[in-house]
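K.L.:
Would you be able to build a 3D model of this:
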Amino acid sequence: MGDQLPWRAKPNGGIELRVRLTPKSSQDRVEGIEPTADGPAVKARVRAVPEDGEANAALEALVAEWLGVPRQSVEVTGGGKSRVKVLTVAGDGVALAEAARTALVQSTAATSSRKKA
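P.N.:
Modelled structure (predicted):
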């Protein structure tokens, strides 16, 4: 993946998105970007527990909602049992990258306002 952004366009369409997941949170949300050993990752929290794929399924649903795409378009394709995961999002890579950029700005702003409150 690219060094600057937690996503990259795939040659056959869609994007790959690196996410650092925290399960068993108080709410499902995306909070911005966090550095990882593999490069920057979108920081996400889900209420689901990391058992029987529940947290991964909740993450797929969260990312689909966050990007405004159908749930079936998002799949965990790497790091299934790790905190840092790779999700593949099917669709127009350019449009998805722009949607991710926009959603990230909105998520970061919302997280900043929550921390100030």
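
K.L.:
contacts for the helix ranked longest in the chain?
P.N.:
Secondary structure of the chain per DSSP state H: the longest helix is helix 93-116. With C-beta atoms under 8 Å, 6 or more residues apart in numbering as the contact definition, helix 93-116 has outside contacts at 5, 7, 9-10, 13-15, 17, 29-33, 42, 66-69, 89. Backbone N, C-alpha and C define where each C-beta goes, glycine included.

K.L.:
show me what contacts the most centrally placed residue in the chain?
P.N.:
Residue closest to the average C-alpha location in the chain (C-alpha atoms, centre = their mean): Val19, at 4.6 Å. Val19 sits next to Pro6, Ala41, Val42, Lys43, Ala44, Leu59, Val63, Val84, Lys85, Val86, Leu87 when contact means C-beta under 8 Å, 6+ apart.

K.L.:
Verify the stated contact: the fifth one with Arg18.
P.N.:
No - with the criterion set as C-beta atoms under 8 Å, Ala44 and Arg18 do not qualify as a contacting pair; they are 10.7 Å apart.

K.L.:
if you count what's nearby, which of these two comes out ahead?
P.N.:
Per other C-beta atoms under 10 Å, whichever of Ala44 and Arg18 has more neighbours is Ala44, with 27 against 24.

K.L.:
Please consider this matter closed, and thank you.
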